[in-house]
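1. Quick check, what structure comes out for this input:
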Amino acid sequence: MGEVYDQFVRDLEGWRVQYRDNPRREIILLLMLALEREAIVATAYREQIVARRLHTMPVSEGVQELIRHALIWAWKDEEMHAIYIRGVIFKMGSLSLRVRAFLKQIAGETGGWAGSVKNHLRWSAAPLSNSLATLLTWVGIATGQVPEDVRKYLKYGTFREYSLFNVDAEKTAWLSYERLVELLSTQFDMSTQVVEDFRRIQDDEARHTRIFEILGAAVGENDQLVAGEDEDSLVQKIGAIGEVFLPRRHRITLTSGNPVGSAGPVWVMQGSNAGEKLSLFRHLLEESCLSTRLKERAQDIGKQAPALHVAIKTSFMFGYHHKDLSPITDPVLVGELASYLHEQGIQDIAVVEAPNLLDRFYRNRSVQDVARYFKLDSPLYRIVDACEEQVPYAYYRGLAQYSIAQTWQEADFRISFGKLRSHPVDQVDLSIGNLQGLGARCDDFIFSERQSHRDTAIMMLLSDFPTHFALLEGYDLAPDGILGMMGSPRPKSPHRFYAGADSLAVDMVAARHLGMSDPRDANMIRSACYWFGDPSPGIQVNGADEAIAGWRGPYHDEWSSLLSLMAYPVYQFGSGRGALFVPEMDEDAFPPIQRDGLLLRVGRKAIQAFLGLRHGKRRSVITR
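-> Next up, the predicted model:
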């Protein structure tokens, strides 16, 4: 073992003795240490810095891709660990403990950035970054934040040296979590789920250790592969740790039966007027080979097509008033889709939706209530509330989500029927974002005590319960603007439909048409590319392939961009847990749960007027 590991063993033993009569204090110490450490590596392993280093190494592009992807998975694991641990700390303690946790996380991210610059960028390649990293390193040394046994690794060295140092670092993390699991198991107020989560984190660190051991042994002192090592041998060794550490083209089990990331054709239908909507939508369903997909899926699982259970995830729970139908999936088109499926012989069709934060403030906001309000009531399908039928489920990967809607879990064929709409953080909110709420409630992944990010929760769903087909509608009323996913005072009429078997490919094409030069700039799309592979090279667009005229998006000018950048931190910390950011509700149908105070009423009206969440006198009615 290296010096870092040996010193940490001594530290752990010292804390064990020091806090033997106060295990709670040792738990907090270890959690803070773990948070800082995870923040360090989540920054140090980030894709941009590692990819830049790999480009300088005299190895083939295939080997570069293997190493890059293995480290991306380690990086994304560490990001998940950091947000989970911070959430645990936030749920444990006082305001002062939360502040300490934030400071630890910031310190870790700063140290991780400085360390990655020193490790991977020569002075000549990045003199300014190196100067700042050196300054931060000396500040860390002066304040005792950089241990002596770590200092010698804070320099540009070989990739082998970098890998072997991280073997030591990952092993110390494993030890830390081993002790945490031991301590947490004795605490009556810690759920067994938390203990199991830390065991999963411990297992992740063991896998990261093996990855760095493989890389350290494969790369020599000159950053070339050692004799006897090649791309095939690395695929075999890394794949033995887990297929997730391999690029998509080398996976077998994880890609079987999961269309997400598989690329292929995306159909785009462009109409010219409102009267063409239904005929064009029917044409889309026929041309996009939905009936063929249904038959292929039935054959794969040994059923006849009429016996398939089909679940359609729509979006209507952000609907707040019949005068603004822009945030909801067109009910007429939902009915038309159900009719088409019925014609294919499908008997069991479920339209699935999930509650959101609006039910915290207004009555009659169950999925069934809102469906009735917006006339989603066809006899061809049944309405399912995902929140009411959650069943326990252990996801293959990820943290802080432990259940799934039973209908979605048991469906033989899953369709995401989303909406063309803007989003202040992701820029767009399309068929993948449409899946939120099928597991844990979406508000579990928004506020500061969250233990996972929204995109991670959705990727967990897509990984274990993938969509088999994706549809996007933006024909009559597509909400544009800063908070388009909640509504729009001036919705667009792009007269556009999208469809395809790969929901990620569908979203990438739609995002490009909504003005994103690189769709991976959207957090949701970028996360999906990490999890399932980037389908861009294999996408074929059938139909219209040009930008939607007049679409502005949340970053269309400097003022809107500033507001969008502020949206998430303001919503997270300054919205009263969402109480301020609600649209002008139809209170006859959805009365307030309690009488709001004067300040809240004034604040809501101001926000509604400022962000366009008031329906005013406009009517946005979807018709046949």
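2. residues touching Asn542, list them.
-> 265-268, 287 (C-beta atoms under 8 Å, 6 or more residues apart in numbering). Quick note: C-beta positions are derived from backbone N, CA and C, even for glycine.
3. Mind listing what's buried along the helix or strand hosting it?
-> Per DSSP states H and E: Asn542 is located in strand 539-543. The neighbour-count check on strand 539-543 (16 or more other C-beta atoms under 10 Å) flags 539, 541, 543 as buried.
4. rewinding a little: farthest-apart pair in the contacts of Asn542, please.
-> Val266 and Glu287 (11.5 Å; C-beta to C-beta).
5. for the longest helix belonging to the chain, packing partners?
-> In the chain, assigned by DSSP state H, the helix with the most residues is helix 61-92. The helices and strands touching helix 61-92, judged by 3 or more C-beta pairs under 8 Å, 6 or more residues apart in numbering; DSSP states H and E, are helix 23-44, helix 47-54, helix 95-120, helix 192-218, helix 231-241, helix 523-532.
6. Out of the ones you listed, which gets the lowest mean score?
-> The stretch with the lowest mean pLDDT among these is helix 95-120, at a mean of 81.
7. Summarise which helices and strands it is packed against.
-> Helix 95-120 packs on helix 23-44, helix 47-54, helix 61-92, helix 127-142, going by 3+ C-beta pairs under 8 Å, 6+ apart.
8. What residues does His468 make contact with?
-> Contacts of His468 (C-beta under 8 Å, 6+ apart): 259, 293, 297, 413-415, 501.
9. typo on my end, Arg25
-> Neighbour list for Arg25: Tyr19 [criterion: C-beta under 8 Å, 6+ apart].
10. which SS class is the closest residue in space to Ser527 that isn't next to it in sequence?
-> With sequence-adjacent residues excluded and distances taken as C-beta to C-beta, 6 or more residues apart in numbering, Ser527 is closest to Asp455, at 4.2 Å. When classified by DSSP: H, G, I helix; E, B strand; the rest coil, Asp455 comes out as helix.
11. sorry, back to before: could you dump the helices and strands packed on helix 95-120 into a markdown table and include distance to Glu449?
-> Formatted as a markdown table, the helices and strands packed on helix 95-120 follow (distance: least, C-beta to C-beta, whole Å):
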| stretch | distance to Glu449 |
| --- | --- |
| helix 23-44 | 14 |
| helix 47-54 | 28 |
| helix 61-92 | 4 |
| helix 127-142 | 29 |
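12. hang on, the earlier thing: what about the contacts of Asn542, which one has the most neighbours?
-> Scoring the contacts of Asn542 on neighbours with other C-beta atoms under 10 Å, the highest-scoring entry is Val266 at 26 neighbours.
13. I'd like the contacts of Asn542 as JSON lines, with pLDDT and distance to Val99 appended.
-> JSON lines is the format used below for the contacts of Asn542 (pLDDT from 0 to 100; distance: C-beta to C-beta, whole Å):
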{"residue": "Pro265", "pLDDT": "97", "distance to Val99": "52"}
{"residue": "Val266", "pLDDT": "98", "distance to Val99": "47"}
{"residue": "Trp267", "pLDDT": "98", "distance to Val99": "52"}
{"residue": "Val268", "pLDDT": "98", "distance to Val99": "49"}
{"residue": "Glu287", "pLDDT": "96", "distance to Val99": "57"}
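14. I'd like to know which of those are part of strands.
-> Within the contacts of Asn542, residues falling in strands by DSSP state E are 265-268.
15. What residues does the residue most central in space within the chain make contact with?
-> The residue lying closest to the centre of the chain (C-alpha atoms, centre = their mean) is Asp455, at 1.3 Å. Counting by C-beta under 8 Å, 6+ apart, Asp455 makes contact with 523-524, 527.
16. nearest to Tyr177, of the residues you listed?
-> Ser527 (24.3 Å).
17. correct me, but that closest one touches Ala457?
-> No. Ser527 is beyond contact range of Ala457, at 10.3 Å (criterion: C-beta atoms under 8 Å).
18. Between the two, tell me which one has more neighbours.
-> Each of Ser527 and Ala457 has its neighbours counted (other C-beta under 10 Å); Ala457 has more, 26 against 21.
19. For the spatially closest residue to Thr43 that is not a sequence neighbour, the count of nearby residues, please.
-> The spatial neighbour of Thr43 that comes closest, neighbours along the chain excluded (C-beta to C-beta, 6+ apart), is Gly112 at 3.0 Å. If you count neighbours by other C-beta under 10 Å, Gly112 ends up with 23.
20. what's the domain layout of the protein?
-> Annotated domains of the chain cover 3-250, 264-611 [automatic domain parsing].
21. weakest of those in terms of mean pLDDT?
-> domain 3-250 (a mean of 86).
22. what's the offset of it from the middle of its chain?
-> 21 Å (C-alpha atoms, centre = their mean, to the nearest Å).
23. Kindly report the same for stretch 328-342.
-> How far stretch 328-342 lies from its chain's middle: 28 Å, per C-alpha atoms, centre = their mean.
24. now swap in stretch 281-290 and tell me
-> Here stretch 281-290 is found 29 Å from its chain centre; the criterion is C-alpha atoms, centre = their mean.
25. From the rest of the structure, what touches it?
-> Contact with stretch 281-290 is made by 265, 267, 269, 333, 336-337, 340, 469, 471, 473, 475, 497, 499-500, 542, as judged by C-beta under 8 Å, 6+ apart.
26. neighbour-wise, which of the residues you listed leads?
-> Gly500 (32 neighbours).
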